[in-house]
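Visitor: give me a model of this one.
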Amino acid sequence: MRGMSRTFRALAALSIFAIALTGCTKKSTTTDPQQPTAAQLMADGDKAMSSVKTAHFVIGVEGQISGLSLSKAEGDLTKEGSAKGTATIDQFGFKVEAAFVIIGQDLYLKLGTGGYQKTALSNAASIYDPSAILDPNRGAAKLLRTAKNPKVEGKEQVNGKDAYKISFEPDSAAMSALIPTTATGVTALVWLDAETKRIAKAEFTIPSSGSNPKGVVTVTFSNYDVPVTISAP
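Guide: Prediction:
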């Protein structure tokens with residue numbers, strides 16, 4: 001009996017501990033009553049992105065996406081449309097490393113170990129043209145402005161900072177400035193910095209189509225408004 005008494009007390013103590021843990025878990029997942037609505041966050045994000053002057057971007061592509069010959073890209077952007085960086089392009093089944101500089105309507109492209117070749121920016125449309133990303137009327141700001149059915153999914157950390165995670169249906173015309181694809185049924189997630197409301201990260205899921213499986217494009221931004229010098233090579 002004495003042993004059973006000790007066992008009962010031990011089980012009772014464990015039960016109390018488990019109840020306490022359960023209470024702590026519920027408390028940690030309580031929704032913040034002060035959390036902004038998805039519509040307000042998108043409006044704040046639109047305003048914040050419209051005022052951005054420069055940014056660093058990284059793009060990653062998983063899967064085969066119709067109309068997009070890009071595997072990855074990284075570089076710097078200006079609101080005026082200038083850009084410079086590197087990219088990995090899929091050409092005839094091969095991955096080609098490239099460096100690019102965009103100034104006005106001119107594109108300077110360097111493939112492999114060759115030198116830079118100057119061409120019209122319009123020729124980049126079939127590969128990837130990042131010049132519109134910071135344009136308030138065509139790029140990231142418009143994407144937030146025209147978002148359909150936004151929903152706050154919670155708060156997460158991106159690059160060590162709190163960000164609101166929001167799901168939405170992207171407007172096809174607005175999305176084309178960031179991802180040149182004609183695919184339909186695209187779903188999107190965006191992480192807005194909790195303090196600045198600028199885009200920290202965006203993710204687009206393109207459904208499978210024909211022989212192409214589902215694809216995912218991820219875009220991250222950093223170094224907002226850090227001075228950038230972009231000149232012709």
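Visitor: look up phi and psi at S176.
Guide: phi -60, psi -20 (degrees, to the nearest 10).
Visitor: ditto for G45
Guide: Backbone torsions of G45, given as degrees, to the nearest 10, read phi -70, psi -40.
Visitor: for the residue nearest to the spatial centre of the chain, list each beta-bridge partner.
Guide: Taking CA atoms, centre = their mean, the centroid of the chain lies closest to A202, which sits 1.9 Å from it. Beta-bridge pairing for A202 (DSSP bridges): V190, V219.
Visitor: now swap in the one 4 residues further on and tell me
Guide: Residues found in beta-bridge contact with I206 (criterion: DSSP bridges) are G215.
Visitor: any idea how far it lies from L109?
Guide: 25 Å (CB to CB, to the nearest Å). Heads up, the C-betas are built off the backbone N, CA and C, glycines and all.
Visitor: more neighbours, these two?
Guide: The neighbour count for I206 versus L109, taken as other CB atoms under 10 Å, is higher for I206 (26 against 20).
Visitor: could you check how far the more buried one is from K118?
Guide: Counting by CB to CB, the separation of I206 from K118 is 32 Å.
Visitor: which parts of the protein are helices?
Guide: 2-28, 38-50, 140-145, 172-175 (DSSP state H).
Visitor: related to what we said a few turns ago, so the residue nearest to the centre of the chain touches T218, yeah?
Guide: Yes - with contact defined as CB atoms under 8 Å, A202 reaches T218; the gap is 7.3 Å.
Visitor: mutual contacts of the two, please.
Guide: Counting by CB atoms under 8 Å, 6 or more residues apart in numbering, no residue touches both A202 and T218.
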